[in-house]
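J.: below are the sequence and a predicted model; questions follow.
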Amino acid sequence: MKVRILSAFVAAALLLAGCGGTSQTAGPSAGALSGSITVFAASSLTAAFGTIGGDFQKAYPGTTVDFSFAGSSTLVAQIQQGAIGDIFASADQPNMQKLVNAGLTSGSPSIFARNKLQIVVPAGNPKHVSGLADLGRSGLIVVLCAPSVPCGRYAAQALQKANVMVKPASEESDVKAVLTKVALGEADAGIVYVTDVKAAGAQVKGIDIPDALNVIADYPIVVLKDSQNIALARAFIGYLHANGLKTLARYGFLLA
Amino acid sequence: MGSSSRKPRGFSAPPLFVVLAGVGAVFFVLPLAGLLVRTPWRSAWQLLTSPEAITALGLSLVASLSATAIAVVLGVPLAWTFARVAFPGRALLRALTVLPMVLPPVVGGVALLTAFGRRGLLGGWLEQAFGIHLPFTTAGAVLAETFVAMPFLVITVEAGLRGMDLRFEDAARTLGARRWTVTWRVTLPLVRPSLIAGAVLCWARALGEFGATITFAGNFPGRTQTMPLAVYLALQTNPDAAIVLSLVLLAVSLVVLIGLRDRWLGAS
Amino acid sequence: MTLDAQIQARVGGFELELEMTVASGELVALLGPNGAGKTSVLRVLAGLTPLNAGQVTLDGVVLEDPAAGVRVAAEQRPIGMVFQDYLLFPHLSVLENVAFGLRSRRTPRAMALELASQWLERVGLGAYAHRKPSSLSGGEAQRVALARALATSPALLLMDEPMAALDASTRVELRRELRHQLEAFEGVRLIVTHDPVEAMAMADRLVILEQGKVLQSGSPAEVAERPRSRYVADLVGVNLFRGRAHDNVIVLDGGGSLTVAEGTDGNVFAVVHPRTVALYRSRPDGTPRNVWEGRASNLDLQGDRVRVRLEGSPPIVAEVTPAAVRDLGLDRGDTVWIGVKATEINVYPS
C-alpha cells in the first residue's frame, strides 16, 4: 500500500514536471538531476548566461549552476593551470582549440551562438564616430581588447578588412573593460560585441559595422574532462541548445 | 653574553608554536619554491631579453622611480605636517592618506578616474585648460603608482619624525639656525633611516602595482604596460614568460626586503 | 651687560612668576627641587617658550615684551645653551657640531671650521675633531657642548644641569674646568643645578626656585645662613622653623615653642644647627632655655657623626658623635630629652 502511494506520487511529480514550463522533449526528467556545476564562460555571455542559468535551475530544482566570467584566454589559462570546472564556453574557436589540444575536454565542442562586432561610443557620440574609418582619426581615444583576447583578434581582423590603422590608447584584458572605459567617457570609441552594446543600455551607443567588414564570432561550448558532474553538465548544454537560444537572441546573439 | 639587546633569546618556544610557525613559514616559502621549480631555465634568458619583457621592465623602472620621487617631494612635507602641526581635521586627513594602503587597488583606480579622468573633478579642467590628459598615459601610470605607494612613505617618515627628540631642534635654534636650516641640517638627517626605508618601501610597492594602473592608465606596451600587467597578460598566451617575469619581480622585492630587514622593518 | 627678566609664563599647566637680574660679572646658579621650573626659566630666556606677560631685556635690548608685541625668536637671540644631555647632533662630527652655530649665522664654512677648531683646543679636545659624538665619554661630550655654545660668542650663556649626566669623580674634575672656562666668558652666565655642592662651589649668587617662584636670592653664605624654605634648609643641613614671635618667645607653626636670645615681633624664621642640639637621658636642669621631650625615630651614621631625627613638639634633627649615642644607649624608638640654648638659635623675619 505505502509503496503504491509513493510511486503514485513519483509518477505524478514526473508528469507535473513534464507538463510545466518550457521543459520539453530533449531534457532528462526533473528528479534525475542534482548537484552543482561551474561554468567558465566568456565575459560577453555574462547577462545571457545569467538568465539561462536561472531558468535551468528553475526547470531542474535541486541543481545549482555557478558561473565564472572572464576573458576567454584568461579562462583557458586558468583551466590549464588546474582550475576545476565543468563547462567552458568560449568566445572564439582558437581558445577552445587550445583546451582540446591539451586534452582537457570531454566530447566535442558545439557551437551554440554567434556574435558580431559593433563600435561602441559614449552616449551622445561626442566625437561623431560613424564607422571603422573614423577610428583611425588622430586625437581620438580608442580602446580595444588585447590581441590575445577573442574580441581583440576579431577587431584586428575587422580593422584590417577596412584597411584602417588604429593606435589604441589601451588594450584591455576583457571586453567588459573596454565597454566600461567607453561608458565612463574615458575613451571615445571601442570595438565590442553587439551583445555588449545591448547590455549596456543607455550609457552607450552602438555604431554598426557593415557585414562585409564585420567578423562573425563563433561561440563553442564543451564539457571539461575533469568535470565532477558530467550528467548535469551535459544536461545544461542540452538545455542551452533546446531552450536557451531564444534567450540568447533576446540579448542580441545571432543564431548558430 | 651577547652585546646587542636585539639578539633573539634561546630556543624556548612551546611545541605548538613551533609547529604553527613552521606551517606559516612553508606557506610563504612554497610559492617562491614553486616559481623556481617551474621556471623554464633554458629559455629564461631569451624570454627575459625579449623586446616585450625589456620594454615592460624599463617602463616599470621609470614609472616606479618617478612615482617614488613624487612621493618624496610631496610625502615628506605631508609627513612633517602630520607629525608637527596640530590642525583641525588632522585625524581625518591622516586616515585618508593611509586609505590607499587598505583599499583594493582597483577601487583606487576607479577613484582616480573620478578625479583625474576626462570627466573627473580635476581631470576635465586639466584637459580643457592645459590639454593634459592622464588616463592611458605613462604619466597616468605614474599617478596610479604614486597614489597607492605614497602612503608607505608618509607613514614611515611620520613615525620617524614623531620618534625624534624634539630638543635637537631646540638646540639648533639656540645656535641660531632658522626654520629651514633646522629642518634641512638637523631634522631630516636625524630621520634619514626612516626616509630611506620609506622611499624603498614606496618604490617596491609602486613596482608591483597592478589594479589601479590597469584601471586608470589602461594597458599598452611601452606606454602603460608595466611588469605586473605584462605578467597578467602573458599568463594567457605565454605562461613561461609570465613565470620568468614573475621571478624577476619577486627577486627584486626580496632583495629590497632583505636589504631593509631588521634595521628598519620592526626591530628598530 | 645685564640680563633683566620679569617672567610670567604658563608652561604645561605650571605657572612661572619671577623676577631676576643678572650682571655679567656674577655667576648665578638657579637652584630648586625637581619640578620647580628651573629648566622652564631657561627655555623662556632662550626664547623656546613664550611669555604670557613681563619682559626680558639683555644688554639694553628688549628680547620679549608681550604687552608691546615684541618677541625675538630664539634663533635670533645672542644666546648659547648647554642642555642637560648635551644634545650633540649625532650625524655630525665633533668639529661640525661646534661649528654649527657659526655656520647657521652665515659664517663661511672654512672660517667656521677654523674657529670651531680653536674652541675645541681651548677645551682640550682638539684631537677629537673628527670623532662622532657617540664615541665620546660624558665628560668629553659636556666639553664639546660647552664649546659649541660658546663658539658663537653669545651674550647670555644658559646651562641646564651641565654636570647631572656625569659620574661623581668626573664631576669633581670637570667642575674646576668649567669654572675656568666660565671665568673667561664675558657675557651673562646662568646655570641651573640641583646639586648644592656644585652651586655653593661655583656660584656667586644663588636663586632658589620653588613651584615657579623665587623663594630666596643671595650669596651661598647668606642663603645657607638664613634659609627661607625647607628645601634650602635640607640642602644646607639645618633645622628650619617658622612661627610668630613675641619678645623672646616664638610660637611655632608646627606646634611647640622656642625661647630665643633676641626679642622680636612678628612672623619669623628660626634656624638651629643640628650640632647645637644636645640630648639627655633625663630632664636636664641647666642653662638651656629650650628643653623638651622627644622620640628618636631615625639614626643615620654620616661619616663621623650621627644624625638623630627626633619626633616631638617641635620635631628636630640633632647631630652627635657615635660615642655619645653609645653612652646614652640610644636606639630607635627611645625617648630622650632635647636641649637647645637660646643663644644658638638664629632668628630672622620671614
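T.: Everything's here; your move.

J.: can we go C-alpha only for contacts and neighbour counts from here?
T.: Fine.

J.: burial of the residue lying closest to residue A:123 once chain neighbours are set aside, as a residue count?
T.: Using C-alpha to C-alpha, 6 or more residues apart in numbering or on different chains and skipping the chain neighbours, the partner closest in space to residue A:123 is residue A:204 (4.3 Å). Residue A:204 has 24 neighbouring residues, counting by other C-alpha atoms under 10 Å in any protein chain shown.

J.: quickly find the element holding the closest residue to residue B:55 other than its chain neighbours.
T.: Leaving aside its sequence neighbours, residue B:55 sits nearest to residue B:222 (C-alpha to C-alpha, 6+ apart; 5.7 Å). Residue B:222 belongs to no helix or strand when elements are defined using DSSP states H and E.

J.: same question, residue A:222
T.: strand A:216-224.

J.: beyond that strand, next helix or strand please.
T.: Proceeding N to C from strand A:216-224, the next assigned helix or strand is helix A:230-239, under DSSP H and E.

J.: got the contact list for that following helix?
T.: With contacts defined as C-alpha atoms under 8 Å, 6 or more residues apart in numbering or on different chains, helix A:230-239 is touched by A:26-28, A:33-37, A:56, A:86-87, A:221-223, A:227.

J.: and the angle from that helix to strand A:216-224?
T.: On the basis of axes from the mean of the first three to the mean of the last three C-alpha atoms, to 10 degrees, helix A:230-239 is oriented at 160 degrees to strand A:216-224.

J.: tell me the SS of the residue of chain C most remote from its centre?
T.: For chain C, the largest distance from the centre (C-alpha atoms, centre = their mean) belongs to residue C:285, which lies 42.1 Å off. When classified by DSSP: H, G, I helix; E, B strand; the rest coil, residue C:285 comes out as coil.

J.: now it: how far from residue C:6?
T.: Between residue C:285 and residue C:6 the computed distance is 54 Å (C-alpha to C-alpha, to the nearest Å).

J.: what about residue 153, neighbour count?
T.: Reading this off chain A. 17.

J.: look at chain C instead
T.: Neighbours of residue C:153 (other C-alpha under 10 Å): 17.

J.: with residue B:228 instead?
T.: Neighbours of residue B:228 using other C-alpha under 10 Å come to 23.

J.: kindly report the same for residue C:55.
T.: 22.

J.: what's the answer for residue B:232, then?
T.: 17.

J.: that one reaches residue B:242, doesn't it?
T.: Yes: with contacts counted by C-alpha atoms under 8 Å, residue B:232 reaches residue B:242, the gap being 7.2 Å.

J.: near chain C, which residues of the stretch 51-200 of chain B?
T.: B:167-168, B:170-178, B:181, B:186, B:189-190 (C-alpha under 8 Å from any C-alpha of the partner chain).

J.: from those, which would you call buried?
T.: B:168, B:170-178, B:181, B:186, B:189-190 (16 or more other C-alpha atoms under 10 Å in any protein chain shown).

J.: enumerate the positions of the helix or strand of chain C with the lowest mean pLDDT that are buried.
T.: Across the helices and strands of chain C, mean confidence by mean pLDDT, DSSP states H and E is lowest for helix C:196-202: a mean of 80. Buried positions in helix C:196-202, judged by neighbour count with 16+ other C-alpha under 10 Å: C:196, C:198, C:199, C:200, C:202.

J.: mind putting these into a markdown table with distance to chain B?
T.: A markdown table is the format used below for these (distance: C-alpha to the nearest C-alpha, whole Å):
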| residue | distance to chain B |
| --- | --- |
| C:196 | 26 |
| C:198 | 24 |
| C:199 | 24 |
| C:200 | 28 |
| C:202 | 24 |
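
J.: about what we covered before: among the contacts of helix A:230-239, which are located in strands?
T.: Of the positions in the contacts of helix A:230-239, A:35, A:36, A:37, A:87, A:221, A:222, A:223 sit in strands, assigned by DSSP state E.

J.: what about the closest residue to residue B:108 other than its chain neighbours, how many residues nearby?
T.: Distance criterion C-alpha to C-alpha, 6+ apart; nearest residue to residue B:108, sequence neighbours excluded, is residue B:212 at 5.6 Å. Residue B:212: 26 surrounding residues under other C-alpha under 10 Å.

J.: what about residue B:212, which SS state?
T.: Quick answer, by three-state DSSP: residue B:212 is helix.

J.: list the contacts for it?
T.: Here residue B:212 is in contact with B:105, B:106, B:107, B:108, B:109, B:110, B:144, B:145, B:148 (C-alpha under 8 Å, 6+ apart).

J.: didn't residue A:74 look like it was pressed against residue B:236?
T.: Yes: counting by C-alpha under 8 Å, residue A:74 touches residue B:236, with 5.3 Å between them.

J.: could you pull up phi and psi at residue A:122?
T.: In terms of degrees, to the nearest 10, the main-chain angles of residue A:122 are phi -60, psi 160.

J.: so what's it bridging to?
T.: Beta-bridge pairing for residue A:122 (DSSP bridges): residue A:204.

J.: so it versus residue A:136, what's the distance?
T.: 17 Å.

J.: cool, and residue C:334?
T.: 112 Å.

J.: try residue C:215
T.: Per C-alpha to C-alpha, residue C:215 is found 91 Å from residue A:136.

J.: and what of residue B:171?
T.: 66 Å.

J.: model confidence score at the closest residue to residue A:102 other than its chain neighbours, please.
T.: Leaving aside its sequence neighbours, residue A:102 sits nearest to residue A:80 (C-alpha to C-alpha, 6+ apart; 8.0 Å). Residue A:80 is assigned a predicted lDDT (pLDDT) of 90.
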